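**Student:** Build me a structure from this.
(one chain, ligands or ions: 1)
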Amino acid sequence: MDFGFTQEEEAFRKEIREFLRQELGPERKERTPLELFNPDFSRKLGEKGWLGVGWPKEYGGLGRPYTQQLIYGEEMLYHRAPAGAHILAQNMVGPTLIAVGSEEQKREFLPRILKGEIVFCLGYTEPNAGSDLANCQTTAVADGDDYIINGQKLFTSFAGQADYAWMTVRTDPNAPKKHRGLSMFIVDMKTPGITVGKLDTMWDYALYEVFFDNVRVPKTAVVGELNQGWYYLTTALDHERIFMGATVAQHRRLFENLVQYAKETHHNGKPLSKDPVIRQRLAQLAIDLEIGRLFGYRVAWLLGRGIVPFSEASITKVFTSELERRLANTAMQILGLHGQLEREPWAPFNGYMEWEYRFSIMMAIGGGSNEIQRMIIAIAGLGLPRP
Ligand SMILES: Cc1cc2nc3c(=O)[nH]c(=O)nc-3n(C[C@H](O)[C@H](O)[C@H](O)COP(=O)(O)OP(=O)(O)OC[C@H]3O[C@@H](n4cnc5c(N)ncnc54)[C@H](O)[C@@H]3O)c2cc1C
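**Tutor:** Numbering: from 1, shown residues only. As a prediction, this is how the structure comes out:
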């Protein structure tokens, strides 16, 4: 067992930190998801080759081990680097295309993803298909050399900014089981018949609904094999949950700010850092952050050995998303009424906590709710029967 990083890994971490200091400045600025959408920054990462740290060299990646991919993820999240424009393509679409895409699709999309040139959104959720994704009702019907798509997607992150949708559609309505009749499509968001509407959310996130009204796409839009979409979807979702585990680095940064605040702030003439309740709360968070970090490392370690971390990715996702809520709750208690101040320069953490408190609810829902993750852990991890 070795808990340290190699010299080469530490050098890579230093290189990333220096790049981020140059690009983002020394200031520890917090950014909300919309501020994190920055295509110019994505292209700069593309020039460094960092959008494909762990991708195989034959597809233009750096072919580095998973530990380096983890280090890259930790540093980007810790420094709150803008990732909105590339994160879905880099972490979910690209790796799944490498595994199952046709040679034409790999040639067409992988180089552009690696350069940070194209933005993808993920079209899975629908009004009647959220936790039960196999219930997808958006249809694609063959018509000559094309398919005609009709239906609606819901809660689609970054659909308003995306060039392409990576989406599930029903191609066989008569399949004996509903998950067998699904296919994965890549659809150009500029295709006539697509309408995108912004949704209001309590955390100001870039969430949209997307309507497909007789949208004609070529048959080359089908990813891999027809009616195998369920397997491609679960592969992409695995990659999504693996990535979510790395978010603990972002929580660590907020925690460090909180500890600093407790050291510097006095209440009723006493430093907050001497309040026994606050000390207990901060110590508990320190324990949680350490556990979350080790879960993330375990997933990277499994991936490095060619093992797909199925229930382990769900464990990491549940733990880190609930840790984010505990962190936001504790921060609100420590900041008191100041925590409710919105983004003003004179508010503690520039008013970031008010937003983070609202946002901390979302990670337990996005990427598959935590109830569903616990079901996966029960079935895949513990071998319990399906309900
Ligand atoms: C910030 C954010 C970003 C998102 N981005 C995207 C995106 O880019 N693309 C996309 O396709 N979707 C996206 N989603 C949607 C997200 O994946 C769904 O909201 C989520 O899967 C839950 O589906 P639902 O909202 O339909 O809730 P439902 O499935 O209706 O669930 C409602 C509640 O019932 C519980 N529940 C449901 N079934 C069971 C069961 N069998 N056992 C126990 N409990 C159950 C759920 O856990 C949940 O608490 C995003 C969501 C959020 C919050």
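
**Student:** For Thr195, grab the count of nearby residues.
**Tutor:** 11 (other C-beta atoms under 10 Å). Bear in mind the C-beta positions are built from the backbone N, C-alpha and C, glycine included.

**Student:** Name the nearest residue to it, sequence neighbours excluded.
**Tutor:** Closest residue to Thr195 apart from its sequence neighbours, by C-beta to C-beta, 6 or more residues apart in numbering: Phe211 at 4.4 Å.

**Student:** just Phe109 next, same as before
**Tutor:** Leu97 (6.1 Å).

**Student:** Please name every helix or strand in contact with the helix or strand that neighbour falls within.
**Tutor:** Assigned by DSSP states H and E, Leu97 belongs to helix 94-100. Other helices and strands packing on helix 94-100, by 3 or more C-beta pairs under 8 Å, 6 or more residues apart in numbering; DSSP states H and E, are helix 103-114, helix 229-245.

**Student:** among these, which is the most enclosed?
**Tutor:** helix 229-245 (a mean of 22; mean count of other C-beta atoms under 10 Å).

**Student:** any idea how far that helix is from the chain center?
**Tutor:** 10 Å (C-alpha atoms, centre = their mean, to the nearest Å).

**Student:** what mean pLDDT would you report for that helix?
**Tutor:** For helix 229-245, mean pLDDT rounds to 79.

**Student:** what's downstream of it, the next helix or strand?
**Tutor:** helix 248-264.

**Student:** what does the stretch 201-350 of the chain have sitting close to the ligand?
**Tutor:** Proximity of the stretch 201-350 of the chain to the ligand, by C-beta under 6 Å from any ligand atom, involves residues Tyr205, Leu207.

**Student:** all strands for the stretch 201-350 of the chain, in order.
**Tutor:** 207-218, 266-267, 270-271 (DSSP state E, counting those that start in this stretch).

**Student:** would you turn those strands into JSON lines with distance to Gln105 and mean neighbour count?
**Tutor:** JSON lines is the format used below for the strands of the stretch 201-350 of the chain (distance: least, C-beta to C-beta, whole Å; neighbours: other C-beta atoms under 10 Å):
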{"stretch": "strand 207-218", "distance to Gln105": "12", "mean neighbour count": "18"}
{"stretch": "strand 266-267", "distance to Gln105": "58", "mean neighbour count": "12"}
{"stretch": "strand 270-271", "distance to Gln105": "59", "mean neighbour count": "11"}
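
**Student:** returning to that earlier point: what sits against the residue nearest to Phe109?
**Tutor:** Shown in contact with Leu97 (C-beta atoms under 8 Å, 6 or more residues apart in numbering): Gln105, Lys106, Phe109, Leu110, Val223.

**Student:** ok, now Pro39?
**Tutor:** Going by C-beta under 8 Å, 6+ apart, the list of residues near Pro39 reads Ala85, Gly116, Val119.

**Student:** that older thread, so can I have JSON lines of the contacts of Leu97 showing pLDDT?
**Tutor:** Shown next, in JSON lines, are the contacts of Leu97 (pLDDT from 0 to 100):
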{"residue": "Gln105", "pLDDT": "95"}
{"residue": "Lys106", "pLDDT": "96"}
{"residue": "Phe109", "pLDDT": "98"}
{"residue": "Leu110", "pLDDT": "97"}
{"residue": "Val223", "pLDDT": "97"}
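
**Student:** Looking at those residues, which two lie furthest apart in space?
**Tutor:** Leu110 and Val223 (12.8 Å; C-beta to C-beta).

**Student:** re the thing from before, just the CA atoms of the helix holding Leu97, as PDB, please.
**Tutor:** Output of helix 94-100 as PDB, limited to C-alpha atoms (Å, rounded to 0.1, in the frame of the first residue of the first chain):
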ATOM      1  CA  GLY A  94     -15.700  10.900 -25.200                       C
ATOM      2  CA  PRO A  95     -14.900   7.800 -23.100                       C
ATOM      3  CA  THR A  96     -18.100   6.100 -24.200                       C
ATOM      4  CA  LEU A  97     -17.500   6.900 -27.900                       C
ATOM      5  CA  ILE A  98     -14.000   5.500 -27.600                       C
ATOM      6  CA  ALA A  99     -15.600   2.300 -26.200                       C
ATOM      7  CA  VAL A 100     -18.600   1.900 -28.500                       C
END
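
**Student:** quick revisit: okay, the strands of the stretch 201-350 of the chain in TSV with mean pLDDT next?
**Tutor:** Listed next are the strands of the stretch 201-350 of the chain as TSV, based on pLDDT from 0 to 100:
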stretch	mean pLDDT
strand 207-218	97
strand 266-267	91
strand 270-271	93
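
**Student:** closest one to Ile315 among the helices and strands packed on helix 94-100?
**Tutor:** helix 229-245 (8.8 Å).

**Student:** for the helix holding Leu97, what is the average pLDDT?
**Tutor:** pLDDT averaged over helix 94-100 gives 93.

**Student:** Just the buried residues of it, please?
**Tutor:** Of all the residues in helix 94-100, those buried under the rule 16 or more other C-beta atoms under 10 Å are Gly94, Pro95, Thr96, Leu97, Ile98, Val100.

**Student:** For Tyr124, see how far away the residue of the stretch 1-150 of the chain found nearest the ligand is.
**Tutor:** Closest residue of the stretch 1-150 of the chain to the ligand, C-beta to the nearest ligand atom: Gly130 (1.6 Å). According to C-beta to C-beta, to the nearest Å, Gly130 stands 9 Å off from Tyr124.

**Student:** In terms of packing, which of the two has more residues around it?
**Tutor:** Tyr124 (23 against 16).

**Student:** Give me the residue ranges of the stretch 1-150 of the chain where confidence is low.
**Tutor:** Within the stretch 1-150 of the chain, the ranges that satisfy pLDDT under 70 run 26-34.

**Student:** try 90
**Tutor:** For the stretch 1-150 of the chain, the stretches with pLDDT under 90 are 1-4, 24-37, 54, 65-67, 69-70, 80.
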